[in-house]
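> let me see the structure of the following:
(one chain, ligands or ions: 1)
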Amino acid sequence: MTVIQNIVILTGAGISAESGVPTFRASDGLWCGHRVDEVATPEGFEANPALVQDFYNQRRRQLAEVEPNAAHHALARLAAEWDRGEVLVVTQNVDDLHDRAHAVTRTADCVLHLHGELLKARHLETGHVSDWSGDMAADGDVRPHIVWFGEMPLDMDVIYRALRKSHLFLSIGTSGNVYPAAGFVQEASRAGAHTVELNLEPSLGHSLFDEKILGPATKVVPEYVE
Ligand code: BV8
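Predicted structure coming up:
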């Protein structure tokens, strides 16, 4: 039985679903209103910056109407109370719900945004990243600090280092469609970690996990963490 010290937690859109943030691939998901290549690729941005800026402006505005839920807060409590090793939350989400929950427990540095953040802007010429809360103009000098398809995810070296020394890997609210995030479970397994999927339904990679817990995040995550 592995002694659990270091914990890596991957989250996806499902952890924010009960806060009212739409997921991507559900029947009423974000991708349904838009073609992925039109709104989540550099080529799409090049071709129609107004469409892409509007897609992200709408989602950035929506953050003012949503709150972290019991699942976000349970992970923030775990990060604050776990004293047997490290806790790292790697989120594919670009909302700030983990950040707000971890601000309460003063563990914000445990959260990494693999796919960027809605509340950050990247300068088109310099690449400089800054906080950004308002709308972005189609003809402005910034783009969303978001990792689009074909772009390099953020903090990969930190994440792989954490996976290689992990004892417990949790995957919460993700369909396992997108790489390299969907491959993290295999990296954790190679390190000997116990791997658990907590999801509303089995993900594409569910067979790769030692343990599967089905249910809504606001129920299964606090239960698992407590
Ligand atoms: C890259 C932008 C090179 C932000 C997004 C193999 C290896 C490497 C790359 C690839 C590969 N194969 C293909 C690729 C290319 C590509 C890729 O993965 N394509 C897929 C579609 C085949 N990957 C890339 O281009 C990535 N870059 O690879 O660079 C590289 C490679 C290795 C190392 C270094 C560099 C870049 C990917 C990032 C793309 N950006 N979005 C935004 O607009 O938000 S991806 C998009 O999908 C979002 O970021 C989202 O986070 C992500 C994953 O979606 P999910 O979070 O899983 O959401 P989804 O709706 O799919 O599922 C929700 C789940 O929740 C469901 O399972 C549902 O059941 C569950 N759920 C719902 N409600 C609840 C719930 N669970 C619990 N409770 C609930 N209440």
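> mind exporting the strand or helix carrying His145 as PDB, just the C-alpha atoms?
His145 is part of strand 142-146 when elements are defined by DSSP states H and E. The C-alpha trace of strand 142-146 is given here as PDB (Å, rounded to 0.1, in the frame of the first residue of the first chain):
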ATOM      1  CA  VAL A 142      -3.700  41.800 -26.800                       C
ATOM      2  CA  ARG A 143      -5.200  38.300 -27.100                       C
ATOM      3  CA  PRO A 144      -6.700  36.100 -24.400                       C
ATOM      4  CA  HIS A 145      -3.900  34.300 -22.400                       C
ATOM      5  CA  ILE A 146      -5.500  31.100 -23.400                       C
END
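> need the residues of this structure near the ligand, please.
Within the chain, the positions adjacent to the ligand are 12-14, 17-18, 23-26, 29, 40, 92-94, 115, 146-153, 156, 173-175, 177-180, 199-201, 203, 216-217 by Cβ under 6 Å from any ligand atom. (Glycine included, C-beta is placed from N, CA and C.)
> what subset of those is buried?
12-14, 17-18, 23-24, 40, 92-94, 115, 146-148, 153, 173-175, 178, 199-200, 203, 216-217 (16 or more other Cβ atoms under 10 Å).
> from the residues you listed, which ones fall inside helices?
Among those, the residues falling in helices (DSSP state H) are Gly14, Ala17, Ala217.
> and the closest residue to Phe55 other than its chain neighbours, what is it in contact with?
Using Cβ to Cβ, 6 or more residues apart in numbering and skipping residues adjacent in sequence, the residue nearest Phe55 is Val39, 4.4 Å away. The contact partners of Val39, by Cβ atoms under 8 Å, 6 or more residues apart in numbering, come to Leu51, Val52, Phe55.
> lowest confidence element among the helices and strands of the chain?
helix 30-33 (a mean of 67; mean pLDDT, DSSP states H and E).
> got the phi/psi numbers for Val220?
Backbone torsions of Val220, given as degrees, to the nearest 10, read phi -70, psi -30.
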